[in-house]
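Asker: give the three-dimensional model of this entry:
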Amino acid sequence: MENHKLIISPKTKILQLIEAYPHLEDVLIAYLPEFKKLKNPILRKTVAKIATLQQVAVVGNIKVEDLINLLRKEVGQDTIELADEVNYNTIQPDWFDEKKISTELDVREMLNAGEQPVNKVISDLNHLKIDKIYKVIAPFVPAPLIDKSLSLGFDHWIKKETEDLFIIYFKKTKE
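Answerer: Numbers count the residues shown, from 1 in each chain. The predicted structure follows:
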């Protein structure tokens, strides 16, 4: 079997996965049609390079354990059981107030240009005042960005507008 190339885990990056096991791209697309975005060379160069399987499971609203085990089975690796996953907030929080939005960034243009918006957003968040809200407009849930913001002490709320339009609000939880 080919199971020694790459051990598949929640932290496996999408690009690593499909470079090690090219046939898994079709498995991913069959399992979750949203993965056909991987065919877009720009998204492949930007998002697929940094997004982990855990993060895309959140985006696809599927259990990361199911996704990992499907892929592991395909390449002959043993299935695994996982502990609790990171929870992303999709319910409007008490702190949300539209009047408190001080900054807004639509990352779609940056992504289309092949740029990664994480550094820009994190820089903006670091300058966000405690009582203000930062709004990000994206074509998917930017899980790597949310993970990074959580580690820096920010709260978030993901509002799904359509299949390819998400609004993510960030608020500093402590000074």
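
Asker: for this structure, which segments are assigned as helices?
Answerer: Applying DSSP state H to the chain gives helices spanning 14-20, 24-31, 41-45, 47-50, 53-59, 64-74, 108-112, 118-126, 143-151.

Asker: would CSV of the ones you listed with mean neighbour count be doable?
Answerer: Where you see a C-beta, it was placed from the backbone N, CA and C, and this is true even at glycine. As requested, the helices of the chain are exported to CSV (neighbours: other C-beta atoms under 10 Å):
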stretch, mean neighbour count
helix 14-20, 18
helix 24-31, 17
helix 41-45, 14
helix 47-50, 19
helix 53-59, 22
helix 64-74, 18
helix 108-112, 15
helix 118-126, 15
helix 143-151, 18
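
Asker: those helices into CSV, with extra columns for distance to I91 and mean pLDDT?
Answerer: CSV is the format used below for these (distance: least, C-beta to C-beta, whole Å; pLDDT from 0 to 100):
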stretch, distance to I91, mean pLDDT
helix 14-20, 27, 91
helix 24-31, 26, 90
helix 41-45, 28, 78
helix 47-50, 25, 81
helix 53-59, 15, 80
helix 64-74, 20, 90
helix 108-112, 25, 87
helix 118-126, 21, 92
helix 143-151, 15, 84
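
Asker: tabulate those helices (CSV), appending distance to S102.
Answerer: Listed next are those as CSV, based on distance: least, C-beta to C-beta, whole Å:
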stretch, distance to S102
helix 14-20, 33
helix 24-31, 38
helix 41-45, 29
helix 47-50, 27
helix 53-59, 27
helix 64-74, 34
helix 108-112, 20
helix 118-126, 10
helix 143-151, 16
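
Asker: quick check: which of these is nearest to T162?
Answerer: Nearest to T162 among the helices of the chain is helix 108-112; the distance by C-beta to C-beta comes to 12.7 Å.

Asker: other SSEs contacting the closest one?
Answerer: Other helices and strands packing on helix 108-112, by 3 or more C-beta pairs under 8 Å, 6 or more residues apart in numbering; DSSP states H and E, are helix 41-45, strand 133-138.

Asker: spell out for me which residue occupies the centre of this structure.
Answerer: By C-alpha atoms, centre = their mean, the chain has its centre lying nearest to A143, at 2.4 Å.
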